[in-house]
Each structure stands twice: as structure tokens, then as C-alpha cells.
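> Whatever this is, show me its structure:
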Amino acid sequence: MATEAELMWVEKYRPRSLEDLADQEEVRARLEAMLKRPQEMPHLLFAGPPGTGKTTVALIVARTILGDSWKDYTLELNASDERGIDVVRERVKSFTRYVDLREGIPFKIVILDEADEMTSDAQTALRRIMEESSKVARFILTANYSSNIIEPIQSRCAVFRFVRMGEKDVVAFLERICKAEGCQYDEDALHLIYEYTQGDMRQAINQLQTAAAMGKVTLESVRQVFGIGRRSAVKDMVQLALGGDFASARKKLLELMRIYGMPEQDLLKFTFEEVMSLKDLDHAEAAKLFAEYDYRLGQGSNPEIQLSALLAELSALRKARST
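Numbers count the residues shown, from 1 in each chain. Model prediction:
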């Protein structure tokens, strides 16, 4: 049976060293200098938008420092799924409690993905564990919004800011995958994938694989992939919200976020475009509404809660317009 790495291109072509990393030159330069003296490495906080390489770089750091034994000495958790205080206290603490370091292994590594989704209590517990285990473990936290990480943790970490990847780097990486897979493609189609994904490499690779499964990667196949999975679903969601069916609209929202993996900023952008295309709404009021939620998301508010609230306000906006 094929493994996930063999089936999913995003895993199959995940960079294994800093040299293979696309873009993120500043992050790479700082880490290369730091990894020359791994014993002195502090805890790390990788912050930035989804799909910019945060988890990939965390795994590269583990491989570089721990060598062939990296899996034995690395604990990887998704904090958004396992964010309760019990996980922090039990799994992390038990992993860092036992000191059985082999020669050449300076410390264990704990990778906490999406650490900004951890509860405040869990982060407070994590801070204590980071202090208690500093002699035997280093923590690498990834976050979309560093502002959601409590200050006592931030102050204990070296913070690395990841940025959305440039079009040239993303297209070049997609082209490399196509050649390795023997997949026919039009270069314009790869640029269109970038236009839709806006620097989210993970999403770009996933959508490339979906388009490739339909045959040659062309403008039409890319439009079809994104049209089915994104724009048409956003249109349905908006119509449901404006029709007063908030429950169904929110269900569609969760489907887009959890199944299609659509970033919250893309959801906000496409929803805004759909609303502004409608003729029977007050566009000035709608623009002010979207500006408010864009600000809230930028400040690190919970995307699911904020976008659900936006749908509720859209429902109210149509009702107010019709009365």
C-alpha cells in the first residue's frame, strides 16, 4: 500500500534541507548561522501565513540537529487538534521527562504546530514545561498569528517571521514537480495557480495535483479545480447567508475551511467580491462591514468565529434591506 508521502505531492516534495527551501531567505540565513552551534539554540517560534514552510523548516531543524535518530527524539503535535491543558501536561511533559540522550544528541525537540490555537491555560502550562525542561529539550512553535502567543512564551523564543512566497519561486517549484512526475503543463496554468493561492505553497501543490489528475495542467483544468472547490462554494455560502439560512451558510463555511483548506483571508476576499457583485445590497455598508472583519482577522482573532459572525451580519444586512 502506498504511503502518504507517495500519494500526496505536498509530502513527497517537502524540502528536506534548508538548501532545498523555496524563498524565505532571511529565515534560512538566520537558521544556518544558528545551526552551526546547536547546543546554544534557544526555543524557536515560527510565525507567518499558512503554507509558507513553517512546519517544513521545523522538521528540517530536527533532522539537521538530531541526524538519523531525529524521529526518536522529536515529538510533533498539532496544537489546534490537541490544544487542551491535559495534552500539554501529559504528552509533552512525559516526553521531556526522561533523559536518555545518546552521544551527539544535544536535546529532544518538541514541535507544536498551530500553537496560537492553544488555550491560554495550555500556554501557561507550556511555559512552565519549557522552563523546567530547558536542559534536555527545545521547543519549536509554529503560529499563523504570533500575537496569539502569550508574551512569557514569546520572550523565551527566537522569533522567525515567514512571508508569503513570491510568484517566481512558487511557479518554479510547481514546474519542478511537473517535470519529476512527467506531467504535461502550460506555464500560464502554473501562474494561475499562484494567482488563486497567493503564496500558499501547500495549497498550490495540492491544487496542482488535483489539476494533474484531470490530465494536462491547463488554464481550463485549473479554473475547473478552483471553480468547483472554491468560488462556486463561496457563492452558495453567500446566497444562503443573505437568504437568512445562517446554519446552512455556516456549514458551507466549515466545509470550505476544513475540507478544502481555504485560508481565512481568501474566504474573506472571495466573499467580499461575491457580495459586491450583487446589485440589491448597500455596497457602502457591506464595504465597512468587511473592513471591520479584515481588521479583526489581522489582529489574530479566531477565524472560524469571526467569519461565522460575518455571515450572521450578512443575514441581518439583507433582512434590514428588505424591511
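> Check whether Thr210 really touches Phe226, as I assumed.
No - in this structure Thr210 lies outside contact range of Phe226 using Cβ atoms under 8 Å: 9.3 Å. Heads up, the C-betas are built off the backbone N, CA and C, glycines and all.
> Look at the residue most central in space within the chain and tell me its secondary structure.
With distances taken as Cα atoms, centre = their mean, the chain has Pro50 as the residue nearest its mean C-alpha position (2.6 Å). What DSSP: H, G, I helix; E, B strand; the rest coil gives for Pro50 is coil.
> From Glu195, how far out is Thr210?
The gap separating Thr210 from Glu195 is 16 Å, by Cβ to Cβ, to the nearest Å.
> So these two - more neighbours on which side?
Remark: of Thr210 and Glu195, Thr210 carries more neighbours, 18 against 11, as counted by other Cβ atoms under 10 Å.
> Spatially, which residue comes closest to that one, not counting chain neighbours?
Val225 (5.0 Å; Cβ to Cβ, 6 or more residues apart in numbering).
> for the one you found, phi and psi?
Backbone torsions for Val225, taken as degrees, to the nearest 10, come to phi -60, psi -50.
> can you pull the contacts of it?
Gln207, Thr210, Ala211, Met214 (Cβ atoms under 8 Å, 6 or more residues apart in numbering).
> Ok, Trp70 next?
Per Cβ under 8 Å, 6+ apart, neighbours of Trp70: Ala62, Arg63, Ile109.
> so the first one is in which element?
Element membership for Ala62, per DSSP states H and E: helix 54-66.
> for that helix, which positions count as buried?
By 16 or more other Cβ atoms under 10 Å, the buried positions in helix 54-66 come out as 54-66.
> what pLDDT does the residue nearest to the centre of the chain get?
Pro50 carries a pLDDT value of 87.
> same question, Thr271
92.
> what about it, neighbour count?
24.
> mind giving me the domain ranges of this structure?
24-161, 167-322 (automatic domain parsing).
> Just put those domains in TSV and tack on distance to Val10.
What follows is these, written out as TSV (distance: least, Cβ to Cβ, whole Å):
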stretch	distance to Val10
domain 24-161	9
domain 167-322	5
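> Select, out of those domains, the one closest to Met8.
Closest to Met8 of the domains of the chain, according to Cβ to Cβ: domain 167-322, at 7.4 Å.
> any weak-confidence spans in the stretch 151-300 of the chain?
227-230, 259-261 (pLDDT under 70).
> tell me the SS of Leu141?
Quick answer, by three-state DSSP: Leu141 is strand.
> Repeat that for Lys279.
Lys279 is classified as coil under three-state DSSP.
> May I have the helix or strand that the helix holding Ala62 is followed by exported as CSV, CA atoms only?
Downstream of helix 54-66, the first helix or strand assigned by DSSP H and E is strand 74-78. Below are the C-alpha coordinates for strand 74-78, written out as CSV (Å, rounded to 0.1, in the frame of the first residue of the first chain):
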residue,chain,number,x,y,z
THR,A,74,11.2,14.5,18.2
LEU,A,75,7.6,14.9,19.3
GLU,A,76,5.2,16.6,16.8
LEU,A,77,1.8,17.7,17.9
ASN,A,78,-0.9,19.8,16.1
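> Just the buried positions in strand 74-78, please.
Thr74, Leu75, Leu77.
> what angle sits between it and helix 54-66?
If you take axes from the mean of the first three to the mean of the last three Cα atoms, to 10 degrees, strand 74-78 sits at 170 degrees to helix 54-66.
> Tell me which other helices or strands strand 74-78 touches.
Applying 3 or more Cβ pairs under 8 Å, 6 or more residues apart in numbering; DSSP states H and E, we find strand 74-78 packed against helix 54-66, strand 108-113.
> make it 6 Å
strand 108-113 (3 or more Cβ pairs under 6 Å, 6 or more residues apart in numbering; DSSP states H and E).
> Counting neighbours, what do you get for Glu32?
12.
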